[in-house]
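> fold the stuff below for me.
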Amino acid sequence: MIEAYYLIALGFGATAALGLAASWIDRKVTARLQYRVGPPLLQPLTDLVKLMGKETTVPSTATRPVFFAAPLTGLSAVMVASAVVWAANANAQSGFVGDWIVLIYLLVMPSLAMIAAGFASGNPVASLGASREMKLVLSYELPFVLALLVPVILSGGSIRLGALVEFQRESGAVAGNLSGLLALLVVILVTQAKLALVPFDIPEAETELAEGPLIEYSGPLLGTFRLMRNMMLFLLPFVAVTLYWGGASLSGWGFLWAFLKVVALVAVTTVIRNTNPRVRIDQAMRFFWGPVTVLAAASVVLALVGA
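Predicted coordinates for the structure are as follows:
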């Protein structure tokens, strides 16, 4: 019963609602940076409902089982990952040893779902977008994992999310250390790529590939991908708050403070995508395999020496 509560009420319900709110914040900040008013509060929900009511068309060249399974797989992974993070913050004694590793695995699943969707569409443009997504995943996963090692090292080697949250409540936020601050910076840059936001929106570059891997998707299937992306827009900053910024209390003013931290990180990603040009896929790969990986490795070294 408790596991179902975390999965359905928090993993899906709360994350979906807060993800739509994060999407509104992203669009509102973008509008203000461009001297526009921006959408009303319920616009992301309206857009989602509109997509869910449209007809689904499937190209004759598509691999139908994979075409239908890809969005559901991605959404399911986000739900489970969200439930794991919510549970760690709600009760530090919950979870299991190694849920940190499971979280890393689940966070890569949405990107793999996008790759599968692109190749299953049978469209050359979608396949090109999926190929770019694959290269992007291969470039940012190494620095991402290195950055996630920092709180594990500082906590004494625990790979249980609840223990990492408990450690920060006793010893202060991981980002209060130089190693933790550098690791948080790496996670913010990787978040930009995981969400396919400028400057790393190469897989879905609208001026080149239209919707990239999703060009053949419509109706509820496209709506599922959109909902997955909105939930990721909340989940990734929530993971950063959990691992680097003291965790989140789910009661009273503590929850409001945690939500404001998430809003701050969402605003940072929005500012980045509105103040930088899109890069080529080779430039993105050099960036993540070069400076970002060096920065992540430096944070690990500093954590090992206690900085």
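
> where does pLDDT dip in the stretch 201-307 of the chain?
Across the stretch 201-307 of the chain, the stretches falling below the confidence threshold (pLDDT under 70) are 207-210, 307.

> in it, which spans are helices?
For the stretch 201-307 of the chain, the helices defined by DSSP state H, counting those that start in this stretch occupy 206-209, 219-244, 252-274, 281-287, 293-304.

> most packed of those?
helix 219-244 (a mean of 24; mean count of other C-beta atoms under 10 Å). Glycine gets a C-beta too; all of them are placed from N, C-alpha and C.

> what does the helix or strand containing Gln168 contact?
In this assignment (DSSP states H and E), Gln168 forms part of helix 161-171. Residues from elsewhere that reach helix 161-171 (C-beta atoms under 8 Å, 6 or more residues apart in numbering): 84-85, 87-89, 91-95, 99-100, 103, 151-152, 154-156, 158, 174, 242-243, 246-247.

> in it, which residues are buried?
Judged by neighbour count (16 or more other C-beta atoms under 10 Å), helix 161-171 contains these buried residues: Leu161, Gly162, Ala163, Leu164, Val165, Glu166, Phe167, Gln168.

> from those residues, pick the one nearest Leu75.
Nearest to Leu75 among those, counting by C-beta to C-beta, is Leu161 at 21.2 Å.

> give me the neighbour count for the residue lying closest to that closest one once chain neighbours are set aside.
Distance criterion C-beta to C-beta, 6 or more residues apart in numbering; nearest residue to Leu161, sequence neighbours excluded, is Ala88 at 3.6 Å. The criterion is other C-beta atoms under 10 Å. On that basis, Ala88 has 28 neighbouring residues.

> which strand or helix spans Ala88?
Following DSSP H and E, the helix or strand that holds Ala88 is helix 64-90.

> do you know how far the nearest residue to Ser60 once chain neighbours are set aside is from Gly19?
Spatial nearest neighbour of Ser60, chain neighbours left out: Gly122 (7.8 Å); criterion: C-beta to C-beta, 6+ apart. For Gly122, the distance to Gly19 under the criterion C-beta to C-beta, to the nearest Å works out to 30 Å.

> which of those two has more neighbours?
Gly19 (23 against 16).

> next one, pLDDT for that one please.
As predicted, Gly19 sits at a pLDDT of 97.

> helix or strand: which one has it?
Taking DSSP H and E as the criterion, the element that holds Gly19 is helix 15-33.

> which SSE is immediately downstream of that helix?
The helix or strand immediately downstream of helix 15-33 is helix 43-52, counting by DSSP H and E.

> contacts for that next one, please.
Leu20, Ala21, Ser23, Trp24, Arg27, Gly219, Pro220, Leu222, Gly223, Arg226, Leu227, Asn230.

> surely the third one and Leu233 touch.
Think Ser23. Yes. Using C-beta atoms under 8 Å, Ser23 and Leu233 qualify as a contacting pair, with a distance of 5.9 Å.

> burial count for the closest residue to Asn89 other than its chain neighbours?
Of all residues beyond its chain neighbours, the one nearest Asn89 is Ala248 (4.5 Å), with distances taken as C-beta to C-beta, 6+ apart. For Ala248, the tally of surrounding residues (other C-beta under 10 Å) stands at 21.

> and the longest helix anywhere in the chain, what other elements does it pack with?
Looking across the chain with DSSP state H, the single longest helix is helix 124-154. Using 3 or more C-beta pairs under 8 Å, 6 or more residues apart in numbering; DSSP states H and E, the elements in contact with helix 124-154 are helix 99-120, helix 161-171, helix 178-194, helix 206-209, helix 219-244, helix 281-287, helix 293-304.
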